[in-house]
Structure formats: structure tokens, C-alpha cells
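Student: Provide a 3D model corresponding to the input given below.
(one chain, ligands or ions: 1)
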Amino acid sequence: MGRFVPDVDYRNRFARDRAFRKMTRVLITGAFGQIGTELAAALGARYGSDNMLATGRSLPDGGSPEGLPFEPLDVTDADAVLQTVKRHRIDVIYHLAAVLSARGEKDPRMTWQVNMDGLRNVLEAARRATVAQVFWPSSIAAFGPDTPRDAVPQDTIMRPTTIYGVTKVAGELLCDYYLQKYGLDVRGVRYPGVISSAAPPGGGTTDYAVEMFHAALERGRYTCFVREDCVLPLIYMPDCTRAALGLMDADTSRLTHRNGFNISAMTFSAGELAAEIRKHVPGFVCDYAPDERQAIADTWPRTLDDSAARAEWDWQPEYDLPRMAADMLARLREHQRRTAG
Ligand code: SER
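Tutor: Okay, here's the model as predicted:
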């Protein structure tokens, strides 16, 4: 696969210059989604809440995360995206608004509009308003049944069979195009399934990995929509945040790739996850009733070769299955206690 030498080197002042960072204005789309909720909080701590603009289609009941400034924004509205970026003099964009894999299959047209038109609108606004950096996440869903299932190479066959996956491959190419043609510093990783204690996933194939925790604590029982032996790569939210920030901070001169970095954190079967949860929730029972999401999972890899991310920007996950499960359950229990009291 052809790669490029960037012709514009923005050198990452954000990473090295604290004073400059405090003047950096950051826009996050999909701020109330599964990744956005925790990433927005981390960005607020890093750049200062006043420098943040959290956007989504509407404000959730709980309000904006960490009380970050909020504006509604529909990413499919090109003019609204450009005007928002200009009005707030945005320097850096984390573009997370997307429709996930399972929901995408129910409405491919809407998925294309949100995922592809939304991305193009953000990249175009970034280019026109001379935004310095954009982060856009790809996914393991960018791979398909022709991709090797294990130790997926960084550069490999990418022929996904879901519309979500199609938008991820096309999105990676579009990001590379904006870098090559316009010098826009857009960066991204291929996230495994994300597990977060703070926000529920919405319509993904890896949602079972989050639902299982909630069900274990609330009912002691869960019916899992993938098989017991279904193995997928997953990542815990603190690692997910560290990946985004680590890549955005990376020294440009070290980057051969810019988008679609494979990152790997942990891999386990649904049955192994249930067994791990059972260590903390004695008597937890998990049944398995695979539905159409199993067919999607069957086209995704089990493990990824993330040596490019490790070599180019020192990617290193911190959470494995036992550490993630213990932390996740502690956080959910704490949340239960707070809401009960
Ligand atoms: N977690 C996502 C999904 O299941 C994959 O990127 O759709």
C-alpha cells in the first residue's frame, strides 16, 4: 500500500508547549458517545474546559460531560460544521460522531450520510479553516472475511462486508487524501471493541462486552448475542483515550503511517469474559443466543499486529482482561452506590 512523506510538518507544539496548549481550542463531535464521553473529559483536563466545545445532536439528560461547553451540531450539515469551526476558532478536532456496525446494517443510507458525509464535512471544514490537527477513529470493522484472522498486518486486505466497515475503509482513504493533497494533519487508529464504564455503546457488535458487566451486577445473569467461543479484540477506555492522545502527540517525523494504525490491547472470547466476571460476581450465569451480530463478528479479526503503532509512537496498552474487569466492576459498583444513595 502506498505511503507518503508529509509535505507539511505541523510539529506537535500541543504536546510540548504547555502555554500553547492552554490556547488551543478543541472541538469534539459525538461528545456523548461511548468514546466521546470519557475522551471529552480527558481533553477538558488537558486543554482546559473553557477551550473545549462538546457537540452532539442534542444534550443528554445528564448534561455535558464535566460541564464542558456544549453546542448542538449535526455533522451531516456541511455549513453548520464549517461555521462552528470558524466561529469558535477551532485548532484541533476529535471527530467521533458515527453510526456503529449493527445499527448501520439497519439503515445503510443513514450510516453513509453520518459516517462518510460527516467525515468529509469535518475534513473540509478543517482544511478551509486551517485547523492544525484532526483525530478520526477507524475500527477493526475495516477488515473483512478475506483478512487474516490473527496477527492482522498493518497493511493488508481490507474488504469489509458491513456498511460501517465500508465507511471505515473509505474514511481512512479520505483522511490520507486530505493529508496528501492539502497537508491536513489528520490521524487515527483502528479501535478494537471499546469497553467503557462511563457510557453505554450504541448499536455495535461488541456491545455484549459492556452489557455483560451491567447485567452481571444488576441481575446476575446475561444472555449474550455472540457465541461463547466468539473471540474479538477489545480495549478498555483508559487505553482508548491514551491511544488517541498518544498518536496526536506523536512526533510527525517518526510517523510513516498517519491513519488506520492497528492497535491491540486484549483479546478474549465471550466465555472467557464471563468467567472473569464470575470471579468477582459469584454465581453469575451467562447464556448464549447468537443473533445477526455473530455473523458480523465472524468477519472481524481476533488479534492484530500493532508493531507499527508501537514503533512509530510508542503505543503500549496498560489493561489486560483481569485488570480491566476488576476496574470496570469497581467503577460500576461505585456508580451503583452513588445513584442508590
Ligand atoms: N465497536 C464497534 C462495533 O461493534 C466496532 O468499531 O460496531
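
Student: all strands for the stretch 151-300 of the chain, in order.
Tutor: Using DSSP state E, counting those that start in this stretch, the strands of the stretch 151-300 of the chain run over 185-187, 189-191, 193-195, 221-224, 231-236, 261-262, 266-269, 285-288.

Student: could you give me the average pLDDT of stretch 313-322?
Tutor: Here stretch 313-322 scores 98 as its mean pLDDT.

Student: Can you dump the C-alpha atoms of that stretch in CSV for me?
Tutor: Taking Å, rounded to 0.1, in the frame of the first residue of the first chain, the C-alpha atoms of stretch 313-322 are listed here in CSV:
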residue,chain,number,x,y,z
TRP,A,313,4.5,6.5,18.5
ASP,A,314,5.3,4.1,21.4
TRP,A,315,1.8,2.6,21.7
GLN,A,316,1.6,0.3,24.7
PRO,A,317,-1.7,-0.8,26.3
GLU,A,318,-2.0,-1.0,30.1
TYR,A,319,-5.1,-3.1,30.6
ASP,A,320,-5.4,-6.8,30.1
LEU,A,321,-8.6,-8.8,30.8
PRO,A,322,-8.2,-9.3,34.6
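
Student: got the buried residues for it?
Tutor: Residues 313, 315, 317, 319, 321 are the ones in stretch 313-322 that count as buried (16 or more other Cβ atoms under 10 Å). C-betas here are computed from N, CA, C, even on glycine.

Student: which residue sits closest to the residue of the stretch 101-250 of the chain found nearest the ligand, ignoring its sequence neighbours?
Tutor: For the stretch 101-250 of the chain, the nearest residue to the ligand under the criterion Cβ to the nearest ligand atom is residue 204, separated by 2.7 Å. Closest residue to residue 204 apart from its sequence neighbours, by Cβ to Cβ, 6 or more residues apart in numbering: residue 100 at 3.8 Å.

Student: residues touching that neighbour, list them.
Tutor: Shown in contact with residue 100 (Cβ atoms under 8 Å, 6 or more residues apart in numbering): 164, 201-205.

Student: what pLDDT does it get?
Tutor: Residue 100 carries a pLDDT score of 97 in this model.

Student: could you give the mean pLDDT of stretch 167-185?
Tutor: 98.

Student: Counting neighbours, which bits of that stretch end up buried?
Tutor: Quick answer for stretch 167-185 (16+ other Cβ under 10 Å): 167-172, 174-176, 178-180, 182, 184-185.

Student: follow-up on the earlier one: among the buried residues of stretch 313-322, which one lies nearest to residue 158?
Tutor: residue 315 (20.1 Å; Cβ to Cβ).

Student: That closest one against residue 263, yeah?
Tutor: Yes. With contact defined as Cβ atoms under 8 Å, residue 315 and residue 263 form a contacting pair (5.7 Å).

Student: what sits in contact with each of the two?
Tutor: 243, 306, 309.

Student: Give me the contact list for the helix or strand encompassing residue 329.
Tutor: For residue 329, the element it lies in under DSSP states H and E is helix 321-340. By Cβ under 8 Å, 6+ apart, the residues outside helix 321-340 that reach it are 195, 197-198, 213-214, 216-217, 236, 266, 268, 272-273, 276-277, 279-281, 319.

Student: helices and strands of this protein: which one has the lowest mean pLDDT?
Tutor: When each helix and strand of the chain is scored by mean pLDDT, DSSP states H and E, helix 13-16 comes last, with a mean of 51.

Student: can you list the residues of the stretch 1-150 of the chain near the ligand?
Tutor: Taking Cβ under 6 Å from any ligand atom as the contact definition, the stretch 1-150 of the chain meets the ligand at 100-101, 139, 141.

Student: mind giving me a markdown table with the strands of the stretch 151-300 of the chain and columns for distance to residue 110?
Tutor: Below are the strands of the stretch 151-300 of the chain laid out as a markdown table (distance: least, Cβ to Cβ, whole Å):
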| stretch | distance to residue 110 |
| --- | --- |
| strand 185-187 | 24 |
| strand 189-191 | 21 |
| strand 193-195 | 22 |
| strand 221-224 | 27 |
| strand 231-236 | 25 |
| strand 261-262 | 28 |
| strand 266-269 | 31 |
| strand 285-288 | 30 |
